[in-house]
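Enquirer: mind looking at a prediction? Sequence and model below.
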Amino acid sequence: MFFVPEIVLGELYSGAYWFAYVHNSTKYLDRYDEFRRRYQHALLSCDADTAPFYGAMYAELRSKGQLIQRSLVWIAALARQHGLTLATIDGDFSRLQDFDFERW
């Protein structure tokens, strides 16, 4: 089973809207709309319980002078909150101690 943070879906949509603007095509918007409908059950949302995970991870990174994009910290916080391994191509997650992720 897999899960997708809603933050990631937002990032995908931002690219799709940019593509639509530049190329006058809704190709990616249509695909992400279908993905969202089909996998609604797999979307993870940040909530009040996510906030302490985010705060701890951000403070850890800040104390080491190794900040990453805040959206990535929220994604990592969701994974840690739910005890999930994050699959990513982004090496920035390696800056977090004791964080389960796999580079894809």
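Expert: In hand now; what should we look at?
Enquirer: for the rest of this, base every contact and every neighbour count on C-alpha atoms.
Expert: Will do.
Enquirer: roughly how far does the nearest residue to Tyr17 once chain neighbours are set aside sit from Ala16?
Expert: With C-alpha to C-alpha, 6 or more residues apart in numbering as the measure, Leu29 is the residue that lies nearest to Tyr17, at 6.8 Å, once sequence neighbours are left out. Between Leu29 and Ala16 the distance, using C-alpha to C-alpha, to the nearest Å, works out to 5 Å.
Enquirer: related to what we said a few turns ago, what's around the residue nearest to Tyr17, how many residues?
Expert: Other residues within reach of Leu29, judged by other C-alpha atoms under 10 Å, total 19.
Enquirer: ok, now which ones touch it?
Expert: Listed by C-alpha atoms under 8 Å, 6 or more residues apart in numbering, the contact set of Leu29 reads Tyr13, Ala16, Tyr17, Ala20.
Enquirer: pretty sure Tyr28 contacts Ala16?
Expert: Yes: the pair Tyr28 and Ala16 qualifies as a contact (C-alpha atoms under 8 Å) at a distance of 5.2 Å.
Enquirer: where along this protein do the helices fall?
Expert: Taking DSSP state H as the criterion, the chain contains helices spanning 6-23, 27-38, 50-63, 70-81.
Enquirer: what's the most buried one of the ones you listed?
Expert: helix 70-81 (a mean of 20; mean count of other C-alpha atoms under 10 Å).
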